[in-house]
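J.: Sequence first, then the predicted structure:
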Amino acid sequence: TKFSVGVIGMLTFLLGLAASCPAIITFAVRRFQRSILLLPKFSWVELRLACDSLRRNPIRSGSTVGTMVTSLAAIFTIASLVSSVRGSLLAWVDQMVTADLIVSSGARTAGPKNVPLREDLVPELKKIPGISVIDLYRLIRSTYRGRPILIESFSARDSASVRTLPMAEGDGDRALRQMANAEGVIVSESFRNRFGARTGDQLELVTPSGKVSFRVLGVYIDYSSDAGSVLLDRALYKKYWKDELLDAFDLWLAPGADQREIIETIKRRHGERYQLFISTHSELRDAVVKIMEQSFVVNYAVEIVAVVVAIFSVINTLLASVLDRTREIGVLRAIGATQAQVWRSVIAEAAGIGFIGGVLGLFAGTVMAYHHVVYNTKQLTGWTFQFYYPYDVAALSIIAAVVLCILAGFAPAKQAASMPIVSAIGYE
């Protein structure tokens with residue numbers, strides 16, 4: 001499948017980059033050494049020692065950088081996925097749910113827990129000052145070709161002027177106008193992916209009035225369900241489904257209307273009788289963010305594990321480097337190098353590993369994140385998410401990589417600086 005090929009391709013890319021780390025380190029260190037020679041006012045002794053250590057054993061340093069690249073790539077891929085899903089969902093909520101208030105009974109959202117309402121509440125809501133548009137929303141479960149789908153309807157004729165539809169195919173405003181004129185239906189992106197329905201196709205749905213054919217007017221983006229949804233005007237729905245119930249009232253307020261006062265009026269007049277729940281647009285956005293954050297808790301745990309693995313890899317590499325250079329460190333101390341210089345050279349080596357690992361990890365993470373968000377998630381869910389690059393996480397990744405490597409280098413640096421000169425020179 002395309003998903004398997006994509007995963008194999010990304011793994012091959014990551015392993016290839018990790019295997020290239022020794023050569024990349026050698027090249028980067030050589031260029032850096034040439035650069036510091038252009039600054040004659042500074043001796044840069046510690047940096048030269050650090051560069052020499054990295055160049056002398058690029059395979060050992062490369063394995064550590066490779067581990068960092070893998071860890072940071074995983075962390076950044078997760079961060080990009082979270083950022084993209086969050087950004088796409090919030091953009092979808094802002095475009096799809098433009099009503100100021102959503103009034104339902106039994107539950108805050110349409111679904112198995114809410115209690116259907118009747119249209120007799122409409123005249124009462126129209127009496128409340130400040131409400132300019134009232135739309136009636138209905139959601140039921142149905143089947144298409146033997147598979148479950150959702151049928152959604154609203155009064156497009158009443159709300160077309162204030163509604164927007166995020167479209168994956170076709171023009172939203174035009175599709176809404178056509179839907180209001182009972183010219184056809186609009187299907188969700190997941191419906192298109194499951195059943196292959198495209199704009200202009202004929203769709204035959206089973207209704208209480210028998211099988212009815214509808215023209216597909218467009219394809220809209222919908223993250224509420226991966227089963228697939230068919231959207232049609234309420235008048236058309238009532239005609240063929242013989243159902244006058246509704247699940248929610250979508251209310252748009254007039255400019256300058258007091259939202260809080262309108263909510264209290266609805267609750268006071270009708271809240272207890274109909275067991276109403278009233279949600280604002282901001283409350284719905286907050287609910288979406290909360291659900292999303294809960295769903296990514298496990299991914300955050302993976303990020304923590306990746307960071308811990310990378311830190312221990314750096315500590316292990318630096319300790320091995322100090323052990324291999326024991327006699328060299330003793331000779332340096334004997335010819336005048338101070339403990340502080342030895343300590344700074346090890347810290348500089350750690351910072352170099354962190355910087356190279358951070359840059360390469362960010363590069364690998366960016367490529368993998370884009371592929372995962374744009375291609376893999378579509379194959380897995382049938383939904384298209386926009387790629388939102390987490391610039392703050394990108395900057396923080398490089399800074400954190402350097403800082404954590406420096407912190408990881410403290411113990412090896414202390415060990416190197418505190419070596420007795422005589423025993424270090426005699427070390428075999």
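T.: Here it is on my side, so go on.

J.: Endpoints of stretch 140-158, how far apart?
T.: From its first residue to its last, stretch 140-158 covers 21 Å (C-alpha to C-alpha, to the nearest Å).

J.: Name the surrounding residues that touch it.
T.: 133-139, 163, 176, 179-180, 191, 194-195, 203, 205-206, 225, 227-237, 241, 243, 250 (C-beta atoms under 8 Å, 6 or more residues apart in numbering). (Glycine included, C-beta is placed from N, CA and C.)

J.: In helices, which of these fall?
T.: Counting by DSSP state H, those place 176, 179-180, 191, 194-195, 234-237, 241 in helices.

J.: could you flag which of those residues are buried?
T.: When neighbours are counted using 16 or more other C-beta atoms under 10 Å, the ones in helices among the contacts of stretch 140-158 contain these buried positions: 176, 179-180, 191, 194-195, 234, 236-237, 241.

J.: Pick the one among those closest to Q95.
T.: Checking those against Q95 by C-beta to C-beta gives L176 as the nearest, at 12.2 Å.

J.: I'd assumed A160 was in contact with the closest one.
T.: Yes - the criterion here is C-beta atoms under 8 Å, and L176 meets it with A160 at 4.5 Å.

J.: what's the strand or helix carrying K211 packed up against?
T.: For K211, the host element (DSSP states H and E) is strand 210-220. For strand 210-220, the elements it packs on are strand 167-169, helix 172-180, strand 185-188, helix 189-195, strand 202-207, strand 229-233, judged by 3 or more C-beta pairs under 8 Å, 6 or more residues apart in numbering; DSSP states H and E.

J.: between the ones you listed, which gets nearest to L323?
T.: Nearest to L323, of all those, is helix 189-195, at 56.7 Å by C-beta to C-beta.

J.: Show me what that closest one is packed up against.
T.: Using 3+ C-beta pairs under 8 Å, 6+ apart: helix 189-195 touches strand 167-169, strand 210-220, strand 229-233.

J.: so what's V187 up against?
T.: Residues in contact with V187 (C-beta under 8 Å, 6+ apart) are 197, 203, 216, 218-220, 228-231.

J.: JSON lines please, covering those and showing distance to R260 and pLDDT.
T.: JSON lines is the format used below for the contacts of V187 (distance: C-beta to C-beta, whole Å; pLDDT from 0 to 100):
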{"residue": "A197", "distance to R260": "43", "pLDDT": "91"}
{"residue": "L203", "distance to R260": "43", "pLDDT": "93"}
{"residue": "V216", "distance to R260": "41", "pLDDT": "95"}
{"residue": "G218", "distance to R260": "37", "pLDDT": "94"}
{"residue": "V219", "distance to R260": "38", "pLDDT": "94"}
{"residue": "Y220", "distance to R260": "32", "pLDDT": "93"}
{"residue": "G228", "distance to R260": "38", "pLDDT": "90"}
{"residue": "S229", "distance to R260": "33", "pLDDT": "93"}
{"residue": "V230", "distance to R260": "36", "pLDDT": "95"}
{"residue": "L231", "distance to R260": "31", "pLDDT": "94"}
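
J.: List just the nearest of the buried ones among the ones in helices among the contacts of stretch 140-158 to T12.
T.: R194 (30.6 Å).

J.: Could you tell me how far the closest one is located from L231?
T.: 15 Å (C-beta to C-beta, to the nearest Å).

J.: Can you give me every residue that contacts the closest residue to A340 other than its chain neighbours?
T.: Nearest residue to A340, sequence neighbours excluded (C-beta to C-beta, 6 or more residues apart in numbering): A417, at 7.3 Å. Going by C-beta under 8 Å, 6+ apart, A417 touches 339-340, 342-343, 346.

J.: now do V45
T.: Counting by C-beta under 8 Å, 6+ apart, V45 touches 337, 341, 345.

J.: In terms of helices and strands, where is the closest residue to S345 other than its chain neighbours?
T.: Take S345 and drop its neighbours on the chain: the residue closest to it by C-beta to C-beta, 6+ apart is L49, 3.9 Å away. Using DSSP H and E, L49 falls within helix 45-56.

J.: Equivalent analysis for F363, please.
T.: Assigned by DSSP H and E, F363 falls in helix 339-371.

J.: can you give me the mean pLDDT across that helix?
T.: Averaging pLDDT along helix 339-371 yields 87.

J.: now the angle between helix 45-56 and that helix, please.
T.: Here helix 339-371 points in a direction 50 degrees away from that of helix 45-56 (axes from the mean of the first three to the mean of the last three C-alpha atoms, to 10 degrees).

J.: What's the per-residue pLDDT of the residue nearest to A340 here?
T.: Value listed for A417 in the pLDDT field: 75.

J.: R141 falls within a strand, correct?
T.: Yes - the assignment for R141 is a strand, going by DSSP: H, G, I helix; E, B strand; the rest coil.

J.: Which pLDDT value does the model give it?
T.: pLDDT for R141: 92.

J.: got the angle for the biggest helix by length in the chain vs strand 210-220?
T.: Criterion DSSP H: the longest helix present in the chain is helix 58-96. If you take the same axes, to 10 degrees, helix 58-96 sits at 120 degrees to strand 210-220.

J.: any idea of the mean pLDDT for helix 58-96?
T.: The average pLDDT within helix 58-96 is 85.

J.: And the buried ones among the ones in helices among the contacts of stretch 140-158, which is closest to A401?
T.: So of those, ranked by how close each gets to A401 (C-beta to C-beta), first place is R194, at 42.2 Å.

J.: Give me the nearest residue to that closest one, chain neighbours excluded.
T.: G228 (5.1 Å).

J.: T381 versus that neighbour, what's the distance?
T.: Taking C-beta to C-beta, one finds G228 at 12 Å from T381.

J.: now A395
T.: Remark: distance between A395 and T381 (C-beta to C-beta) = 29 Å.
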